[in-house]
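Colleague: Sequence and predicted model, in that order:
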Amino acid sequence: MVKSKLEQQVIDALEQVSEAHGVDIVDVEVVGATKAPCVRVRIDRLDGEAITLDEVTANNAWVSDVVEGLDPFAGSYTLEVSSPGLARPLRRPSDFIRFVGEPVELTTTASEGQRRFKGTLAAADEQAVTIEAEGAEPAIISYEDVKKCTLKPVIDFKGGKGDK
């Protein structure tokens, strides 16, 4: 996955202490203007269960301490700590392997051919991921070429209550 140097520094620093807190660092993004950037840290539970709002709040302090210890910006910045949400980013081979069979949207850094893929995460290993899009041949993409990949959950608003 393509990350800026700063984003990777924050990920590395957080991952050094996250396991002690029972937390998985899902993703880090630095967004916004250079005068007032925002550092977004997405966390989840290590055991695979969904993280609660109370757990996110409880982990906010140590995440803030680690990021502040890096002193990433000369001026002020905003820190956002949240759950990964429904459109969870996939960053590591283990993330891709965990979510095989799920719908995804993937963007590559490839200079030729298709750069955006929407489909099912058909397979994943330590080197590459396979995306199957409806009506197209499966695409095998090396992790080196993955710019961004997120889950795209399907929400059925028609199911549920009776036969309406």
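Modeller: Done, it's in. Keep in mind the model is a prediction, meaning the values are calculated, not measured.
Colleague: tell me the domain ranges of the chain?
Modeller: Following automatic domain parsing, the chain resolves into domains at 5-82, 93-151.
Colleague: could you redo those as CSV and give each row mean neighbour count?
Modeller: In this view, the C-beta of every residue, glycine as well, is placed from N, C-alpha and C. CSV is the format used below for the domains of the chain (neighbours: other C-beta atoms under 10 Å):
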stretch, mean neighbour count
domain 5-82, 15
domain 93-151, 15
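Colleague: Indicate which one of these is closest to Lys158.
Modeller: domain 93-151 (17.5 Å; C-beta to C-beta).
Colleague: any idea how far Glu19 is from Gly135?
Modeller: 42 Å (C-beta to C-beta, to the nearest Å).
Colleague: Check Ala50 too.
Modeller: Ala50 is 33 Å from Gly135, by C-beta to C-beta.
Colleague: same check, this time on Ala87
Modeller: 23 Å.
Colleague: tell me the mean pLDDT for stretch 102-111?
Modeller: Per-residue pLDDT over stretch 102-111 has a mean of 90.
Colleague: Run the chain-centre distance for it.
Modeller: Relative to the centre of its chain, stretch 102-111 is centred 13 Å away, using C-alpha atoms, centre = their mean, to the nearest Å.
Colleague: Output that stretch as CSV, restricted to C-alpha atoms.
Modeller: This file holds the C-alpha atoms of stretch 102-111, laid out as CSV (Å, rounded to 0.1, in the frame of the first residue of the first chain):
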residue,chain,number,x,y,z
GLU,A,102,-16.2,-9.5,0.5
PRO,A,103,-17.0,-6.8,-2.0
VAL,A,104,-14.2,-4.2,-2.4
GLU,A,105,-13.1,-1.1,-4.4
LEU,A,106,-9.4,-1.1,-5.2
THR,A,107,-7.3,1.6,-6.9
THR,A,108,-3.8,0.7,-8.3
THR,A,109,-0.8,2.8,-9.1
ALA,A,110,-0.5,1.1,-12.5
SER,A,111,0.6,3.4,-15.3
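Colleague: would you say Glu55 is within a strand?
Modeller: No: counting by DSSP: H, G, I helix; E, B strand; the rest coil, Glu55 is not part of a strand but helix.
Colleague: so it makes contact with Arg45?
Modeller: Yes: shown here, Glu55 and Arg45 form a contact pair, counting by C-beta atoms under 8 Å, at 7.0 Å.
Colleague: Please name the strands paired to the strand or helix carrying Asp24 in the sheet, noting orientation.
Modeller: Applying DSSP states H and E as the criterion places Asp24 in strand 23-31. Its sheet considered, strand 23-31 pairs with strand 38-45 (antiparallel) by DSSP bridges.
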